[in-house]
Structures are given as C-alpha cells and as structure tokens.
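Colleague: let me see the structure of the following:
(4 chains)
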There are 2 protein chains.
Amino acid sequence: MRKINPHDFKVARRGTSREINRQIALNLIRAHQPISRADLARLMNVRRGVASLLVGELLSEGLIFEGAVGEAVGRGRRPTFLFIDSRQRCVVGVDIRASRTFIMVTDLMGHQLGSVTSFQTSREIGPLTQELARRIKQVLADYKEIGACEGIGIAVPGMVDPAAGKVLHAPTLYWRDINLRDPLAAAVGIPVHIENSGKACALAQLWATRSDMVASGNSVFVSVSDGVGVGIVVNGEVLRGRHNTAGEFAHVPLSIDGPRCTCGATGCWEAYISNLATLSRYFGRDLTDPKPQSAEDASLTVEDLIARARTGEAKALAAINSTARYLGLGLASIINAVDPSRIYIGGEITTAWGLIEPIVRSGLRERTLTDFGGATEIRVVPAEDHPRLRGAVALVAAPAFAAPMVA
Amino acid sequence: MRKINPHDFKVARRGTSREINRQIALNLIRAHQPISRADLARLMNVRRGVASLLVGELLSEGLIFEGAVGEAVGRGRRPTFLFIDSRQRCVVGVDIRASRTFIMVTDLMGHQLGSVTSFQTSREIGPLTQELARRIKQVLADYKEIGACEGIGIAVPGMVDPAAGKVLHAPTLYWRDINLRDPLAAAVGIPVHIENSGKACALAQLWATRSDMVASGNSVFVSVSDGVGVGIVVNGEVLRGRHNTAGEFAHVPLSIDGPRCTCGATGCWEAYISNLATLSRYFGRDLTDPKPQSAEDASLTVEDLIARARTGEAKALAAINSTARYLGLGLASIINAVDPSRIYIGGEITTAWGLIEPIVRSGLRERTLTDFGGATEIRVVPAEDHPRLRGAVALVAAPAFAAPMVA
DNA sequence: GAGTATATGTTCCATGTTTAGACAAAATCG
DNA sequence: CGATTTTGTCTAAACATGGAACATATACTC
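Modeller: Next comes the predicted model:
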C-alpha cells in the first residue's frame, strides 16, 4: 500500500503503458533468454500480437536480437529465439580498495570478459585517475572485438554522492569531498558512475543473472573486509536514504562501551568484526592503534589467520570464533531492523564459513526476536564472484532494465 | 532505479493508465481540497478534458463530491470545487495498550468525530472482543448521522500478521498467536484490520492531512511508551519485511552487556529508554524485576517523573537525562541505518522535549557518521495527536488512496 | 449596457495502446 | 497428402491521452 507523493508524481501518458510493458518484456527476456515471442506472451499474459510489437520495438533499438530458430517442442512452427544484445557493447567495473584497485570488463549481461586485473591504489586522486584511465584504455584496446564501452562503474569504500560524482568521505583512503567521476570521465571519454561499495554489492546480487542468486524479497548484503559495508535492497531498489548514506549498519553499536572504531565512535559492529578488528584481537592490541607491534603483525592477513585456525592454533581459532559470534550478533540487528528474506555475506572471513557458521547462527539467535527471524537465510558470496566489481558494472548496465517511474 | 521482479510483475492493461491517473487525481484532491477541475488539470499537467473525465469517474463512484461554486480569482467563469466525500462514511480506530484500550471515530479523511473513549484492557481475548464490540456498536449508534462504518483499524503493541489477522506475539499483553480480527469482525459485522503500533504510527504520519506533517522523503516514527515501537516509511510505503517484523530497532543493542530486556536479550535500546526503563533507573532497580519496591514505585508515571524533574529534583532529572542521552544514541543507529529525512518521536517522554532535546541531539551526534546525519530533522508528535489511533484509522481509510501496483 | 477578454468545463476528433480474433507460415503426425 | 498444432503477423474494436474548438460564466472597459 504505497502512498502517491502529491509533490512528486508521474502522470500516465499515452505511451506509459507501452513503456511499462516494454521494460517487463525486456526483463523477462533477460531472465529467460533464449525465449520466443509466444513464450514471452504467455509469461506476460498478453496476446502474441502485443508481444510481437514490444519485441519489434526492442529489436529496432538494438537492445535484443533474433538468434537461430529453435527446436520445436511438439509439432507446429518453430520459434525464433530472442536474446539480450550484449555483443557490441561492454562495461568496465572498477573496485577501489585501500590497498589495491581491481578492474573487470563485462558485457551488458554482466558476464565477465577476460580476467580481472589490479594495481596498487594511490591515495592521491591525480595519479589514481591517470593510472585508471591508462589501464582502462589498454583493456578496451585489447578487447576491441567487443565493441563500444557503455560506461565505467566504480565501487568506493566510503560515502558517495552518486549524483555529484563525489566521494564524501572514505576513511581508509583518507578522502574527503573528492570528485572522482569527472576527471576520469574526461580522461577516457566514457560516462562514469560511482557508488558506495556496500550498495554496489547489494546491486550485484539484485541484478545477478543466475536466478538462484536473486532473492525474491528484500535482501541485505554484508561485506566484511578492512571495513564493513552494508547494502539493503527494498522493493527491488537499493535503500539510499536522504544523503545516500543509508545502510551503515557497520557503525550501529554492539556495545557503546566497546572498542574505539575508526569512525570516532565506540563499540561499532565494524570494530568487532572487520578484518582489522579480528587481527587486532589476535595480536591483543587496540584497534585504533594503526602501528603493528611486530613484523608478523604487519604482514598477517585474515586468510593466514584462518589457515592457522584450521591447523588447530587455539589463539587464531579463538580470534575467529569471537568475530563469528559478533558477526551473528550484528546480523541479528539487521534482521530485527529490516527483516530481509535473505542476507548475503562477502569478504575474506567467508572462506572460513564451514568453521564459523554454527557460531554465527547461534550469535544471531541470541538476539533475534522470532524463530523465523533466527532462521533467516544466509548466503555466502565467495570472493571469486567479485561482488563489488559486478555491482560496479550494474551501475552502468542496470539502468536500461530498470522499471519506469510511474504514479 | 528499481528492478522489475520477473516472478511478480503487473503488465499494463488497457485501463492501467486511467487507473494510475485516477489515483493521482484522487490524491491531489485529498491534498489540495477544495480544488477545481482546471486547477487539478494544471497540477497534473494534463488537459482539462482528461481531468474532467477522471473527476467524472470519481464522482460516479461517490469518492468525491462537487461543493459550492467558488469565488473567481480574476474574471472568467467560477470554478466548481471538488472535495473528498467523507460525509456518509466513517472509520473506527482502536489502540490496544497494556493498561487501557482507546477508541476513536473519524471520517475518511481521518478527521476526528466526537471524543476519544477508553476502557481498561482485558488480556483475555474473549472479554476484550466483547467489550470492544459493545463499545464500537454504541459509538456508531451515537453518531448515526455519520453514515456507514467502512471498517475498524486496530493498533497492537507487538508483532502482527495483518494478512492472517493474528497477533503473533505481544509481550506486554502476554499474547501469542491470537486471532484478534475474525472474532471482532464477526461480532460487529464490519471489516477489521490490525497492525503493529509502531507501523501504525508511521502510517499515521505518512497519511496525515496537514501538509506540514508529511515528510517528503523516507521517515521513521519512534514511539516511546511502556515499550518502544518503530515504524519506517520507505518510498511512501511502510517497511514490512519478510514477516512484517521490520523496524524492530527497539531491540537493536546499545550494549550487549547492558540491562536485560523483556525480550530476553540484553542491552536492547528499549531496555534503556522505555518508560519502564526510565522508572526503573529512577528507583534504582532491575528492569526485568516486575515487582515494584514501594507504593510510590507502583504508581509513579513518567509524567510524574518529568514533573519532579521540572521542579528541580536531581534524581528525577538524572533519570530523564540518561534516557535522553540513550534516546539520542539509539536514534543515531536509526539514522546510520536508514538515513531518513525526518524522525517523528511520540510518547510521554516528549512532554519533556524542551528539557531533553539538547541532550538527545548531542547523544545523537556522538554516533552519527556525518554532519547532515547529525542534523536530521526530529519532530515531536504530541499525545493529543493520537498517532496510534490515526494510524489504526489509516489502515482502513488509506487503501482507497493507495497507488496502483504497476510494472 | 454592450462588447471584449478570460477562465471553467464539455465535446469532438486524432493518435496510440491493449484486446480479440482471424490468418498465413511452418512443422508434426497419421 | 491432409489434419493438427504452434508461431508470428495483421486487422478491427475498445479505451486511453493529446489537442483544439466550443459553450458557459464572470469581470473589465468603453
């Protein structure tokens, strides 16, 4: 039961019905390709004539194409299959992280082309833009057979104003109010879109093509790495809020008297479960103390820690188990607040999922209010899926498939 | 950028455009009444002919009526004003609380008719239903000139399954899995809708008729009474979640090592700021200990406590100031998670708003991540506004104005 | 007071969209 | 080969908005 905003509404025009049905058809082709006009008409519950007209429009715009004639199921004329046309266009996804920056090229469906490349992140915007532009141009030259690049999507670990193309605050990069979009767009001559990495991850799952990976209702993506990013999907849309800062569950407290967080407050969830927090716990030092105490401290990663835990090192196991419990406790807050159908979890810690799942689940049940809340589905998204990169790509590829604004 | 759900979409039919524009017109009349067809057409940016047709349809359905001819602004024919027709229909709102149950009658616009009545809440569903049915019948008989009753809306302090008409769990009433809707509907012969009281409060603000009370973007309602209820509005819709339990920020922790909460967990926000928590703090006893320590303890209310604080009693002031700080700290979590345009606060504690606002605001700023987050608008909703009752009414009255489902 | 200008609300036709059904093309089965 | 079935196209009807003309009603001007 949605209220129409009397200050911001969209009246249905003569072409609105067509626009709606066109997008539905496009999405169904995306979800079910290859598909015939007749099947499309059955899925949409409209006459074949309407489906044909919609398909004709999509064909003439080059969004889809007619493939080979398919095999008939029984008797009767064989169907001509329709596909999303992602042959002559590609998208570049960029994932900027504190240590390294990753680049991936995909087609319009988000299918990976070539391999993921990376380079060390420069915290200075000038050199970073230059390096990015150089590498993107090179990658596009290498894959020239793909065709034109539709755009570049960038996931940034911090608060972002997508409309202004600015990074408002990225603590791990020490960025404040930096326009990342315009310099890069000018350098490569391709439109650039930027977004917070947690929201990008949520977008990646929302627009995933593998049908088993798309949640039916609301969903939440929790990305645990150096920091913790969260993206929330409500009614098929990423929750943005007034200033595009919605979803910052990372800084909802577990204990206001807890360890100091990089954000300045105390006891944030992030201060308990981020990779840095887990490592700090292992080394028994304060999270806000950036200086490693030893050579080992300086180089050890969470993956190393998990390896040690697997070999049975008690201290490593204890550190990881603590993180697991706190992870569960924080997920309970998300469940209580949002009641999602599914939670996705990404980040290095998920490589230990077999080890920690029972602990996460029991921590979660400590604080969820209902049995079904405690049973909320949790799915691990492995690093190989590159959720940040796929989300960055979705920034560019998804708008063509989005629902029209109506009423 | 909303994704169309390929498993649950609505194709635009021949009448869809009309349906959309009809609802827009209806909402604009609701928001701007009295209004002429010509003004409506200008607001909608359509031809007067179209507006006339839409108005004709609404007139024939009895949703609106033509009032007196208005005064001309300049020269030219005078407009005929249109109004929402709420003359011959009324709605009953019911607010069930642990101690007392309140009843209010309104017209379709939510305007109060007569006065609010109340009686002591029986925790047994049979007697409660009987008493409710008796009183509702009586009220409707008293206001017979109003016309037929369109429905009864009930706000319940607990988890609710509106589709099944059941209260899943209401701790303060000791209810579990109780069908509240069907017995009452059978007894009075009028449709009954039930909803969680936090969500009802959010609905009340969303559908408020005073334009200054309707937030433009997303909003959150925090109701602080015996318990704490929260309702979230996203994109003009109350956030429900998978099991209609979204919005339970009351049980997001401030400190997992904090005081035990009635929900079983520890350190929930509710355990710091509910009226019971504030009183417990004043009397220096454990929140979970239901037994009052003294006669004064058994009878003192938060309003009394506020009165004492205003007279300068240090202990009372300290208890309230603590609650204020914790209120702010928890609001910060809501702001970080949802980033709303506005937060509404209701409940007895708001009568001390002048006293506590600076403390709430500073507690809030302790944990918000950005300056604009810390500056999020907070509005107090006084008890006289009866947000729970207005929300209960909206359950019945609002669906007629809701946006059609499309795409 | 008559004429002019202007605003409201209705009416008619053009355009565009879904709905319904007929029809040709193509493939299978007996 | 003919009957049957399926796909895809095409046409007319029903219904929506878009645009303009028209009747009605009021105010202003001469």
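
Colleague: right, is stretch A:318-332 up against chain B?
Modeller: Yes: remark: stretch A:318-332 sits within contact range of chain B at A:L329, by Cβ under 8 Å from any Cβ of the partner chain. (Glycine included, C-beta is placed from N, CA and C.)

Colleague: surely A:A12 touches B:S17?
Modeller: Yes: the pair A:A12 / B:S17 is scored as a contact, 3.8 Å apart, by Cβ atoms under 8 Å.

Colleague: more neighbours: which of these two?
Modeller: Neighbours of A:A12 and B:S17, each counted by other Cβ atoms under 10 Å in any protein chain shown, are more numerous for A:A12; the result is 24 against 21.

Colleague: okay, the more buried one: pLDDT?
Modeller: Per-residue pLDDT puts A:A12 at 96.

Colleague: so it belongs to a strand, correct?
Modeller: No: A:A12: not assigned to a strand; according to DSSP: H, G, I helix; E, B strand; the rest coil it is coil.

Colleague: if I look at it, how far off is DNA strand C?
Modeller: As for A:A12, its distance to DNA strand C is 10 Å (criterion: Cβ to the nearest atom of the strand, to the nearest Å).

Colleague: give me phi/psi at that residue?
Modeller: phi -80, psi 120 (degrees, to the nearest 10).

Colleague: run a quick neighbour tally on the one residue in chain A that gets nearest to DNA strand D.
Modeller: Minimum separation of chain A from DNA strand D (Cβ to the nearest atom of the strand) falls at A:G76, amounting to 2.1 Å. Counted by other Cβ under 10 Å, the residues lying close to A:G76 total 8.

Colleague: secondary structure class for it?
Modeller: Applying three-state DSSP: A:G76 is coil.

Colleague: next: A:S115.
Modeller: On the three-state scheme (three-state DSSP), A:S115 is labelled strand.

Colleague: now A:R342: closest residue in space, sequence neighbours ignored.
Modeller: Among residues not flanking A:R342 along the chain, A:A215 sits closest, at 4.1 Å (Cβ to Cβ, 6 or more residues apart in numbering or on different chains).

Colleague: report the contact partners of the closest residue to A:W175 other than its chain neighbours.
Modeller: Computed as Cβ to Cβ, 6+ apart, the closest residue to A:W175 that is not its neighbour in sequence is A:V167, at 5.0 Å. Counting by Cβ atoms under 8 Å, 6 or more residues apart in numbering or on different chains, A:V167 touches A:V156, A:G158, A:M159, A:V160, A:L173, A:W175, A:R176, A:D177, A:I178, A:N179, A:L180, A:I194.

Colleague: same deal with A:V238?
Modeller: A:K199, A:A202, A:L203, A:L206, A:G231, A:I232, B:M1.

Colleague: what is the burial count for the third one?
Modeller: Pointing back at A:L203 there. Using other Cβ under 10 Å, A:L203 has 29 neighbouring residues.

Colleague: need the residues of the stretch 201-350 of chain A near chain B, please.
Modeller: Counting by Cβ under 8 Å from any Cβ, the residues of the stretch 201-350 of chain A close to chain B are A:206-207, A:216-218, A:234-249, A:251-258, A:263, A:265, A:267, A:329, A:333, A:336-341.

Colleague: which of the residues you listed are buried, as a ChimeraX select command?
Modeller: Remark: buried members of those, expressed as a ChimeraX selection using 16 or more other Cβ atoms under 10 Å in any protein chain shown:
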select /A:206,207,217,218,234,236,237,238,239,240,241,242,243,244,245,246,247,248,249,251,252,253,254,255,256,258,263,265,267,329,333,336,337,338,339,340,341
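
Colleague: got the angle for the helix or strand harbouring A:A332 vs helix B:314-338?
Modeller: Using DSSP states H and E, A:A332 falls within helix A:314-338. Interaxial angle of helix A:314-338 relative to helix B:314-338 (axes from the mean of the first three to the mean of the last three Cα atoms, to 10 degrees): 90 degrees.

Colleague: tell me the buried residues in helix A:314-338?
Modeller: Residues A:316-317, A:319-338 are the ones in helix A:314-338 that count as buried (16+ other Cβ under 10 Å).

Colleague: helix or strand right after that helix?
Modeller: According to DSSP H and E, the helix or strand after helix A:314-338 is strand A:342-347.

Colleague: report the buried residues of the worst-scoring helix or strand of chain A on mean pLDDT.
Modeller: Least confident helix or strand, chain A: helix A:295-299 with a mean of 74, by mean pLDDT, DSSP states H and E. For helix A:295-299, a neighbour-count test (16+ other Cβ under 10 Å) marks nothing as buried.

Colleague: how about stretch A:115-128?
Modeller: Neighbour-count burial for stretch A:115-128, counted by 16+ other Cβ under 10 Å, picks out A:T121, A:I125, A:L128.

Colleague: try stretch A:159-166
Modeller: Residues of stretch A:159-166 classed as buried: A:M159, A:V160, A:D161, A:G165, A:K166 (neighbour count, 16+ other Cβ under 10 Å).

Colleague: now stretch A:77-95
Modeller: A:79, A:81-86, A:89-95.

Colleague: which of those lies closest to DNA strand C?
Modeller: Relative to DNA strand C, and with distances defined as Cβ to the nearest atom of the strand, the nearest of the buried residues of stretch A:77-95 is A:P79, at 9.6 Å.

Colleague: how about the nearest residue to the closest one, chain neighbours excluded?
Modeller: Take A:P79 and drop its neighbours on the chain: the residue closest to it by Cβ to Cβ, 6+ apart is A:S36, 3.1 Å away.

Colleague: one more: A:S225?
Modeller: Nearest non-adjacent residue to A:S225, counting by Cβ to Cβ, 6+ apart: A:G347, 4.8 Å away.

Colleague: what about the one you found, how many residues nearby?
Modeller: 24.

Colleague: just list whatever residues bridge to it.
Modeller: Counting by DSSP bridges, A:G347 forms beta bridges with A:V224.

Colleague: for A:R89, give me phi and psi.
Modeller: Phi and psi for A:R89, reported as degrees, to the nearest 10, are phi -150, psi 150.

Colleague: who are the neighbours in contact with it?
Modeller: Per Cβ under 8 Å, 6+ apart, neighbours of A:R89: A:D107, A:L108, A:I146, A:G147, A:A148, A:C149, A:E150.

Colleague: how far away is the residue of chain A closest to DNA strand D from A:S36?
Modeller: Distance, A:G76 to A:S36, by Cβ to Cβ, to the nearest Å: 11 Å.

Colleague: surely A:G236 meets B:M1?
Modeller: No: assessed by Cβ under 8 Å, A:G236 is found out of contact with B:M1, at 9.2 Å.

Colleague: in the stretch 101-250 of chain A, what residue is nearest DNA strand C?
Modeller: Using Cβ to the nearest atom of the strand, the single residue of the stretch 101-250 of chain A nearest to DNA strand C is A:G236, 20.7 Å away.

Colleague: partner strands of the helix or strand hosting the residue nearest to A:W175, with direction?
Modeller: Assessed by DSSP H and E, A:V167 sits inside strand A:166-170. Sheet pairing for strand A:166-170, assigned by DSSP bridges, gives strand A:159-161 (antiparallel), strand A:175-179 (antiparallel).

Colleague: can you give the contact residues for the first one?
Modeller: When contacts are taken as Cβ under 8 Å, 6+ apart, the neighbours of strand A:159-161 outside the stretch itself are A:166-170, A:194-196, A:243-245, B:369-370.
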